[in-house]
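Novice: Have a look at this fold, sequence not included:
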């Protein structure tokens, strides 16, 4: 935990930057929702706090942000207690989502730390999460889809998702809430639009199957460079890190 043992008096270093960035991101989400005929309340911002100190998270909390995303279980395990000890949430329910790859040997810890796992990329991982979460509470999950077919990225191929959903729906310890993707990187944010469209279409198809226990209410897609396009295509969760906290702190 020593690596995250910051002094909370340093929070002021980040407050101004985070406040301005957060205001801008919220405004951009609102405008994207208006453009696509959506209610801005239907989109939640996941503040990606990976590699950022607890002081940065506390500065976002001070501005009303209460949903954070972490990539690594170990980092989250060290950071979350520091945030809890140093924050005044005024009764708000602060949530942590796992947005990065999850190894099966970390599942036991993850189910205790996170209120949602975005990165479920196999039936076997879903089964392990169900087993570990069943003694605590049903854990909401998203199924990660590799829409770009990139070998270096995790996620199920789109053609395998429906069968996987049918199998995962039998696991009592999880709740399938929707889909997640990380599209191929493009310089132009518009280049991600076809991949977001594909994910939204797949989610609609699965929803139409009316599989018991499967909701398909969440689409986790869009990051700092393309979250506006993602919102226009139906994202309900956008994962924004550098545009909020900056690339370096």
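Specialist: Arrived safely. These numbers come from a predicted model, not from an experiment.

Novice: Nearest residue to the most centrally placed residue in the chain in space, please, no chain neighbours.
Specialist: Residue closest to the mean C-alpha point of the chain, counted by CA atoms, centre = their mean, is residue 99 at 4.8 Å. Distance criterion CB to CB, 6 or more residues apart in numbering; nearest residue to residue 99, sequence neighbours excluded, is residue 69 at 4.2 Å. For every residue, glycine as well, the C-beta is placed using N, CA and C.

Novice: Quick check: the one you found is in a strand.
Specialist: Yes: assessed with DSSP: H, G, I helix; E, B strand; the rest coil, residue 69 lies in a strand.

Novice: Distance check, residue 39 against residue 29.
Specialist: Distance, residue 39 to residue 29, by CB to CB, to the nearest Å: 11 Å.

Novice: cool, residue 98 as well?
Specialist: Distance of residue 98 to residue 29, given as CB to CB: 22 Å.

Novice: Please apply the same query to residue 209.
Specialist: As for residue 209, its distance to residue 29 is 30 Å (criterion: CB to CB).

Novice: Tell me the first helix or strand C-terminal of the helix or strand hosting residue 85.
Specialist: If you go by DSSP states H and E, residue 85 is part of helix 73-86. Following helix 73-86 in sequence order, the next helix or strand is strand 95-98 (DSSP H and E).

Novice: for the next helix or strand after that next one, packing partners?
Specialist: Next along the chain after strand 95-98, taking DSSP H and E as the criterion, comes helix 107-113. Judged by 3 or more CB pairs under 8 Å, 6 or more residues apart in numbering; DSSP states H and E, helix 107-113 is in contact with helix 73-86, strand 95-98, helix 123-133.

Novice: Reformat the ones you listed as TSV; add mean pLDDT, distance to residue 220 and mean neighbour count.
Specialist: TSV is the format used below for those (pLDDT from 0 to 100; distance: least, CB to CB, whole Å; neighbours: other CB atoms under 10 Å):
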stretch	mean pLDDT	distance to residue 220	mean neighbour count
helix 73-86	90	17	17
strand 95-98	97	8	22
helix 123-133	98	16	20
